[in-house]
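Novice: no sequence for this one, just the structure:
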């Protein structure tokens, strides 16, 4: 929370960070804050108090916002990969397509994209009848653990989630394809120093994007087996907790521009907190 809030404040306050890349990073930090606020407080409350009960309404509400943010992050990472594609491979033509209006529209589209699928699936699940066991085998309200508790026929909603997941997780496939194309282009740079500089700037984005997209595909698109269902909770920790934790460091706090923007308020604070002892000048009579 602190790292993501710090990034948002720096992006807004520092004029040097008013670029498309940091605009999208600010949106990503805001999205990660929402992620953290939806899932982790409920987990921490259960661990501290021992109360692991949750109402059906709150469970559906948690799933709705979770699904909304998953789809939004898929599209936002796609937009960021496109931004990196233009920045690295077409630097001379970068400013024209990525102007302020286009960036605002792409960011808004990323946020809005999660509304439709999350609304459809949550509405369909709200029509279920729950008459059996009431324990969710997960640490938050996800799709598969919820429908296991239903006494209704779930084939239609399972088919719907498969279709929607295939459509709305298409951006992760585009991300991976763009990453491969960018890597091949970087390898063609004749200068060793140029290749190292490009990879050092881009490798962290490649790592986080690949982990997030790979886990989403693994959890939601692969056929469900007993082994995969047992691993789902483990992999869910990666894209709900771990990635949100390391994103501020991976995406922003390692960048030179962000470090320079962070040093300005720190240096100002240090200057204002320094106390200088001024000794009064002695008079002639005192010296005698």
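Specialist: Great, that's in hand. All values derive from a computational prediction rather than experimental measurement.
Novice: and residue 156, what is it in contact with?
Specialist: Neighbouring residues of residue 156 by CB atoms under 8 Å, 6 or more residues apart in numbering: residue 124. In short, each C-beta sits where N, CA and C put it, glycine included.
Novice: now do residue 131
Specialist: Contact criterion CB under 8 Å, 6+ apart gives residue 151 as the residues in contact with residue 131.
Novice: likewise the one 10 residues further on?
Specialist: By CB under 8 Å, 6+ apart, the contact set of residue 141 is 54, 59, 60, 62, 63, 66.
Novice: make it 6 Å
Specialist: 59, 62, 63 (CB atoms under 6 Å, 6 or more residues apart in numbering).
Novice: now, which of those lie within helices?
Specialist: In this view, the contacts of residue 141 that belong to helices under DSSP state H are 59, 62, 63.
Novice: ok, and the closest non-adjacent residue to the last one?
Specialist: Which is residue 63. Nearest in space to residue 63, with sequence neighbours left out and distances taken as CB to CB, 6 or more residues apart in numbering, is residue 141 at 4.5 Å.
Novice: Repeat that for residue 158.
Specialist: If the residues on either side of it in the chain are set aside, residue 158 comes closest to residue 147, at 7.0 Å by CB to CB, 6+ apart.
Novice: what's the burial count for that neighbour?
Specialist: 17 (other CB atoms under 10 Å).
Novice: May I have the predicted confidence score for it?
Specialist: Taken from the predicted model, the pLDDT recorded for residue 147 is 87.
Novice: so it touches residue 153, yeah?
Specialist: No: using CB atoms under 6 Å, residue 147 is not in contact with residue 153; the gap is 10.3 Å.
Novice: State the mean pLDDT of stretch 239-250.
Specialist: Stretch 239-250 comes out at a mean pLDDT of 78.
Novice: what's in contact with that stretch?
Specialist: In this structure, residues lying in contact with stretch 239-250 by CB under 6 Å, 6+ apart are 3, 4, 7, 32, 35, 36, 39, 204, 208, 212, 215.
Novice: Show me which pair in these is furthest apart.
Specialist: Farthest apart among those by CB to CB are 39 and 204. That separation is 23.8 Å.
Novice: And those two? Which one has more around it.
Specialist: For the pair residue 39 and residue 204, the greater number of neighbours falls to residue 39 (21 against 18), based on other CB under 10 Å.
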